[in-house]
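> give me coordinates for this.
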Amino acid sequence: MVKKTLILCAAVGLASGLSINSLMASQKSVTFVSPKDGATVTSPFKTQFNQTGMTITPAGQEVNDKTKGHFHVIIDKPAVAEGQIIPVDPAHLHFGKGQTESGEIKLPPGKHTLTLQFADGLHRAYGPDLTKTITITVK
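So this is what the prediction gives:
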């Protein structure tokens, strides 16, 4: 049933003038598994993340393959613009080994934003389709 639904959706999309590439692009995303948007957490806490439509590979590998990459978590800063390299500093956590969860993150009490951003093997950001920002409260 799922396969038939996907085929029907693709056919409708193509009939309406969408290309296969635009249909595939719309299926790429990243998301926080935990914490959820609006969650209240106790510091230190861990994050878990997932992606759709991309393959996770360690940094430095397959650097020109735009279907592969790894995660970054950005704390209380805006997402990095598409094509720009994600900095290395305390606000930009790199998961260049292909991890899908963080170690313990320590933040002071209050509201914070966490931005999950997927990037290629050279840490170049993929842009808004592969970026997700949530707000959490640390008690």
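
> for this protein, just list every one of the helices.
2-15, 20-25 (DSSP state H).

> please enumerate the strands of the chain.
Remark: strands assigned in the chain by DSSP state E are 29-34, 40-41, 48-52, 55-56, 68-75, 92-95, 110-119, 131-138.

> most neighbours per residue, which of those strands?
Counting by mean count of other C-beta atoms under 10 Å, strand 68-75 has the highest mean neighbour count of the strands of the chain, with a mean of 22. (Glycine included, C-beta is placed from N, CA and C.)

> that strand pairs with which strands?
strand 55-56 (parallel), strand 92-95 (antiparallel), strand 110-119 (antiparallel) (DSSP bridges).

> show me the shaky parts of this protein.
Counting by pLDDT under 70, the chain has low-confidence residues at 1-26.

> contacting residues for Met54?
28, 67-69, 118, 130 (C-beta atoms under 8 Å, 6 or more residues apart in numbering).

> again, but for Thr31
Contacts of Thr31 (C-beta under 8 Å, 6+ apart): 49-52, 116, 132.

> burial count for Ile105?
18 (other C-beta atoms under 10 Å).

> thought it was touching Thr42?
No: contact criterion C-beta atoms under 8 Å: Ile105 and Thr42 do not qualify, at 11.3 Å.

> how near is the nearest residue to Glu104 once chain neighbours are set aside to Phe118?
Of all residues not flanking Glu104 in the chain, Pro44 sits nearest, at 3.7 Å (C-beta to C-beta, 6 or more residues apart in numbering). Distance of Pro44 to Phe118, given as C-beta to C-beta, to the nearest Å: 24 Å.
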